[in-house]
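K.L.:
sequence plus the predicted model coming up.
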Amino acid sequence: MFFQMSLYPTFEELKVDQLLTEQNAAVSDAYASMACYMGLDLNNFHYDNHGELVPGPAPTSTHSEASSPYPAIQTPSIMSQPVTGSQTVAGAQQVAVPFGSGSRALVTPTGSAGEIKQGLRRVVVCKNSEGKVGVQLVSVDNGVFVSMVKRDSPAALGGLRFGDQIVSICGKLMAGKSGESAMKTLRKAPVNNIELVVRDRPFERTIMVNKSSSGNIGITLNDGEIIAIVADSSAARNGVLTKHQVVEVNGRNVMGMKDKELKELLHCNREPVQLTILPTVIYKHLVKRLLNNQIRKEMDRSDPSA
């Protein structure tokens with residue numbers, strides 16, 4: 001089971017919120033349960049039909065419960081349960097709501113599958129039976145980024161995506177580190193509870209486009225790169241650019257796919273279509289140490305909405 005994590009505007013606020021959450025959990029354990037106050041078991045008291053608090057357990061008859069204007073005395077859950085950092089609210093638009101400790105975590109809608117959210121998030125992963133997390137890291141502009149997420153790996157199950165920036169690994173900042181140094185830190189990490197602080201794909205952006213009556217969105221591809229835009233197409237109207245690589249379609253990774261396969265996927269996909277693109281020059285830098293066959297056969301292509 002995975003929980004919706006809070007997002008934070010800065011790394012410092014993430015750490016402050018983490019400390020405050022730990023302090024709140026410790027304080028909540030220090031309080032006695034409200035069901036027992038000053039040596040009295042409050043479960044042995046109840047309100048009668050006249051609103052008076054009287055000794056003895058509440059009557060079990062349906063008539064008494066219905067006629068009493070006061071609720072039964074219950075232990076407030078906030079006093080007996082530890083405070084957590086976020087809560088998922090079900091509905092048409094799910095929202096991760098941080099509470100307690102005056103947290104400045106952002107209230108983040110969990111929208112479309114490939115949505116790129118602003119802020120930082122914590123991801124906790126482990127190593128598989130081979131002692132690997134299933135991710136490849138490279139450095140770009142003094143930052144460390146994910147260039148490969150292997151299918152069915154702990155990294156894939158934890159929600160890491162191609163292009164994610166790894167801000168820290170087990171509390172160690174990755175700014176200025178090389179990809180090799182970051183991978184070395186991962187290899188030295190414990191088997192379980194490897195905490196990563198991640199920023200969602202800062203070089204990428206998502207664009208929604210609609211298909212024409214013929215099923216086309218208005219782009220010409222060459223090895224996944226957009227090399228031309230059809231005039232007056234949905235791609236043209238929505239600001240799709242050339243010299244950009246298509247890396248996801250509706251949140252699903254399409255790197256390494258042949259152009260024919262990608263065109264068929266775009267043609268058959270539901271409408272509207274969400275494209276995730278990034279500049280080709282950055283894409284080539286991220287994947288320069290990966291083989292095309294490796295990208296095609298090993299890259300995680302799971303549906304994030306599943």
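P.N.:
That came in fine, so what should we check first? Numbering: from 1, shown residues only.
K.L.:
ok, Lys243 - contacts?
P.N.:
225-227, 279-281 (CB atoms under 8 Å, 6 or more residues apart in numbering). For the C-beta atoms, the positions are set from N, CA and C on the backbone; glycine is no exception.
K.L.:
got phi/psi on it?
P.N.:
The phi/psi pair for Lys243 (degrees, to the nearest 10) reads phi 60, psi 30.
K.L.:
tell me how far Leu120 lies from Ser139.
P.N.:
Distance, Leu120 to Ser139, by CB to CB, to the nearest Å: 19 Å.
K.L.:
actually Arg205, not the one I typed
P.N.:
Separation of Arg205 from Ser139 (CB to CB): 22 Å.
K.L.:
repeat that for Leu278.
P.N.:
According to CB to CB, Leu278 and Ser139 sit 16 Å apart.
K.L.:
contacts for the helix or strand encompassing Met183 next, please.
P.N.:
Assigned by DSSP states H and E, Met183 belongs to helix 179-188. Applying CB under 8 Å, 6+ apart, the contact partners of helix 179-188 are 131, 133, 135-139, 144, 147, 166, 169-170, 172, 174, 177, 194.
K.L.:
which secondary structure elements does the helix or strand just after that helix sit against?
P.N.:
Per DSSP H and E, the first helix or strand lying C-terminal to helix 179-188 is strand 194-199. Contact here means 3 or more CB pairs under 8 Å, 6 or more residues apart in numbering; DSSP states H and E; on that basis strand 194-199 packs against strand 120-125, strand 165-169.
K.L.:
make a markdown table out of those strands and add mean neighbour count and distance to Asn210.
P.N.:
Output for the helices and strands packed on strand 194-199, formatted as a markdown table (neighbours: other CB atoms under 10 Å; distance: least, CB to CB, whole Å):
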| stretch | mean neighbour count | distance to Asn210 |
| --- | --- | --- |
| strand 120-125 | 20 | 31 |
| strand 165-169 | 20 | 31 |
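K.L.:
all good on my end, thank you.
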